[in-house]
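Student: sequence below, structure please.
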Amino acid sequence: MQHPELPGQPNTTAAPSISARLDRLPVTRLHWVATGVIGLGLFFDAYENFLAGTISVVLKNQFDLGGDQLKWLLASAFIGQFLGAILMGRFADRVGRRSAFMVNLLFYSTFSLLGAFSPNATFLVVTRFFAGIGIGAEYALGDSYLSDILPKNARGRLISWAYTVSFLGVPAVGFLARWLTPLQPLGIDGWRYLFVIGSIGSVVVWFVRRGLPESPRWLETQGRTAEADAITTRFEQQAIAEGHQLADPDPALKPPRAQQISIRSLFRPPYTRRSVMLWLMSALEVFGYYGFGTVAPLALVAKGYSVTSSLLFVALSYLGYPLGSILAVPIVERVERKVLVVSTAGLMAVFGLWFGLADGRTQIILAGFLYSVASNLFSNAYHVYLADSYPTAIRGTAAGIAYSLSKLVTAFLPFILLPVLDNHGSGPVFAVVAAAMVLLMIEVSVLGHRSTGRSADAV
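Tutor: Residues are numbered from 1 along each chain as shown. Coordinates of the predicted model:
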């Protein structure tokens, strides 16, 4: 379908692809709205991922948990997320990004609310598992959706803004835990309100997301070209209304034929090396990213600090998460994603070792803060890099499987890191984290590909 009324359309007999039309767009209000709405959903993913680790000491005392019980409590949500990332990522490629968004948030909000009323540890573990299924695909879906609709030259920058919104959830859970856990508002234990807040917030996001359009790139791969054209035209008309002149679409980006690419395609050329690299990266990065949230409060208690002091130190350290994400905004489009992933992983290794060995309050807070900053520079680069790496038809499935591996490894982290912490202390446990980051640096350096500034469907 031609659009002669839109400036910048080439006068040819072959219509440009949806991808070409989306990539030539400037950033408009519609792009910013979508970025903000996705960021709000990711906020509760970050909130959920750090919730149990942050209040682990409180839950251990509340339910008189033994070592193995605590490990299962910390692992349960991530086991659910492992399944959710696989199932919902595939669901998103088959029925659409928007439909998957609506299902996963509703599932999470229901079971998070039930978790607030847990009478015992077993009930809490079960509800955490099912809440994890709901929230597990949030990163994969968010990354896939934004990569689908954002223009190539602004993709990394706007995704970084979405993650800046999301990572406000980490200090939010830290300071809410510090405030609520010592209290019993209305005679109810304060920690229970943390689950209620997560549930109510995700319901609000569910209603807001109803206004998002479906991914035009995904619609095009399904042969639903009229719907894809209508949504893309809306973006183009918004750009014109804002006074932008549209560039010509890239003729090299041809319209894809309607297709469903199988999971086996991930390990066929040209994706074999890429999938191996991304799966290894996803498995290793959780030692650095989620390892800190899992063991930091427990490590501080092991150093001799009180529960209240450890929660305060962790909350202050968590302020580095949104700051690191903001710092990524001007960097992620200027530095090749591969280079940014490798360099920030090295910073995480250094600051993690410092945190593990630090013995004074100032050093602990500063090391934790710098670790958080580095980890979110890393995280933004990682998420954009992963979403950049596959075409639209399989992006949700591919990202979902990679994320599922990260969730599965995260589920086992308590069984790996807590015994090291209990038997050897905080220094050795962060040495394990640093070793994983070094391995990640090596494998991405050897196997990684270039993606910065390239179309999401041409990488």
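
Student: stretch 221-230: how far from the chain's middle?
Tutor: Distance of stretch 221-230 from its chain centroid, counting by CA atoms, centre = their mean, to the nearest Å, is 28 Å.

Student: the most centrally placed residue in the chain and Asp229: what is the separation?
Tutor: Against the mean C-alpha coordinate of the chain, by CA atoms, centre = their mean, the closest residue is Tyr139 at 3.8 Å. Tyr139 is 29 Å from Asp229, where distance means CB to CB, to the nearest Å. Where C-beta positions appear, they are placed from N, C-alpha and C, glycine not excepted.

Student: just Glu242 next, same as before
Tutor: Distance from Glu242 to Asp229, by CB to CB: 20 Å.

Student: with neighbour numbers in mind, choose between the two.
Tutor: Asp229 (18 against 12; other CB atoms under 10 Å).

Student: surely Lys303 touches Ser426?
Tutor: Yes. Counting by CB atoms under 8 Å, Ser426 is a contact partner of Lys303 at 6.3 Å.

Student: more neighbours, those two?
Tutor: The residue with more neighbours, out of Lys303 and Ser426, is Ser426; 22 against 16, by other CB under 10 Å.

Student: residue contacts, Leu114?
Tutor: Contacts for Leu114 were tallied using CB atoms under 8 Å, 6 or more residues apart in numbering; they are Thr127.

Student: who's in contact with stretch 188-195?
Tutor: So stretch 188-195 is in contact with 51, 55, 58-59, 62, 112-113, 115-118, 173, 176-177, 179-185, going by CB under 8 Å, 6+ apart.

Student: can you map out the strands along the stretch 301-450 of the chain?
Tutor: Counting by DSSP state E, counting those that start in this stretch, the stretch 301-450 of the chain forms no strands at all.

Student: if you drop the residues flanking it in sequence, what lies closest to the residue nearest to the centre of the chain?
Tutor: Tyr403 (5.5 Å; CB to CB, 6 or more residues apart in numbering).

Student: what count of nearby residues applies to the one you found?
Tutor: Neighbourhood size, Tyr403 [other CB under 10 Å]: 27.

Student: now swap in the one 3 residues further on and tell me
Tutor: When neighbours are defined as other CB under 10 Å, Ser406 has 25 of them.

Student: ok, it touching Val286?
Tutor: Yes. Assessed by CB under 8 Å, Ser406 is found in contact with Val286 at 4.9 Å.

Student: Leu212 contacts Ala100, doesn't it?
Tutor: No. When contacts are counted by CB under 8 Å, Leu212 is not listed as touching Ala100 (11.6 Å).

Student: ok, the two, which is more surrounded?
Tutor: The neighbour comparison of Leu212 against Ala100 (other CB under 10 Å) goes to Ala100, with 26 against 18.

Student: which helix or strand contains that one?
Tutor: For Ala100, the enclosing helix or strand under DSSP states H and E is helix 97-115.

Student: let me know the average pLDDT across that helix.
Tutor: For helix 97-115, mean pLDDT is 89.

Student: who touches the following helix or strand past it?
Tutor: Next in sequence after helix 97-115, counting helices and strands by DSSP H and E, comes helix 121-135. Under the contact criterion CB under 8 Å, 6+ apart, helix 121-135 has outside partners 44-45, 48, 52, 59, 63, 65, 69, 72-73, 76-84, 87, 103-112, 114-115, 118, 407.

Student: give me the angle between helix 121-135 and helix 97-115.
Tutor: Orientation of helix 121-135 against helix 97-115 (axes from the mean of the first three to the mean of the last three CA atoms, to 10 degrees) gives an angle of 170 degrees.

Student: ok now the helix or strand following helix 121-135, how far from the chain's centre?
Tutor: Moving toward the C-terminus from helix 121-135, the first helix or strand encountered (DSSP H and E) is helix 138-149. Relative to the centre of its chain, helix 138-149 is centred 9 Å away, using CA atoms, centre = their mean.

Student: do stretch 121-141 as well
Tutor: 15 Å.

Student: Gly320: how many residues sit nearby?
Tutor: Neighbour count of Gly320, defined by other CB under 10 Å: 25.

Student: these two touch, right, it and Leu366?
Tutor: No. In this structure Gly320 lies outside contact range of Leu366 using CB under 8 Å: 9.9 Å.

Student: who touches both of those two?
Tutor: With CB under 8 Å, 6+ apart, Gly320 and Leu366 have no common neighbours.

Student: about what we covered before: now the angle between helix 138-149 and the helix holding Ala100, please.
Tutor: With the same axes, to 10 degrees as the basis, helix 97-115 and helix 138-149 are set at 160 degrees to each other.

Student: average pLDDT for stretch 400-409?
Tutor: The model assigns stretch 400-409 a mean pLDDT of 85.

Student: so what touches that stretch?
Tutor: Contact with stretch 400-409 is made by 78-79, 81-90, 92, 132, 136-137, 139-141, 263, 266, 278-279, 282-283, 285-287, 386, as judged by CB under 8 Å, 6+ apart.

Student: of these, grab the buried ones for ChimeraX.
Tutor: Buried residues among the contacts of stretch 400-409 (16 or more other CB atoms under 10 Å), as a ChimeraX selection:
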select :78,79,81,82,83,84,85,86,87,88,89,90,92,132,136,137,139,140,141,266,278,279,282,283,285,286,287,386
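
Student: Ala85 and Ala75, how far apart?
Tutor: Distance, Ala85 to Ala75, by CB to CB: 15 Å.

Student: mind giving me the packing neighbours of the stretch of helix or strand Ala162 belongs to?
Tutor: For Ala162, the element it lies in under DSSP H and E is helix 155-167. Judged by 3 or more CB pairs under 8 Å, 6 or more residues apart in numbering; DSSP states H and E, the packing partners of helix 155-167 are helix 29-54, helix 138-149, helix 320-331, helix 361-388.

Student: deepest-packed of those, please.
Tutor: Highest mean neighbour count among those (mean count of other CB atoms under 10 Å): helix 138-149, with a mean of 29.

Student: what about that helix, average pLDDT?
Tutor: pLDDT averaged over helix 138-149 gives 86.

Student: counting by contacts, list what it packs against.
Tutor: Counting by 3+ CB pairs under 8 Å, 6+ apart, the packing neighbours recorded for helix 138-149 are helix 29-54, helix 67-95, helix 97-115, helix 155-167, helix 216-221, helix 361-388, helix 392-424.

Student: redo those helices as CSV? Include distance to Gly190.
Tutor: Below are those laid out as CSV (distance: least, CB to CB, whole Å):
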stretch, distance to Gly190
helix 29-54, 13
helix 67-95, 18
helix 97-115, 14
helix 155-167, 23
helix 216-221, 42
helix 361-388, 23
helix 392-424, 23
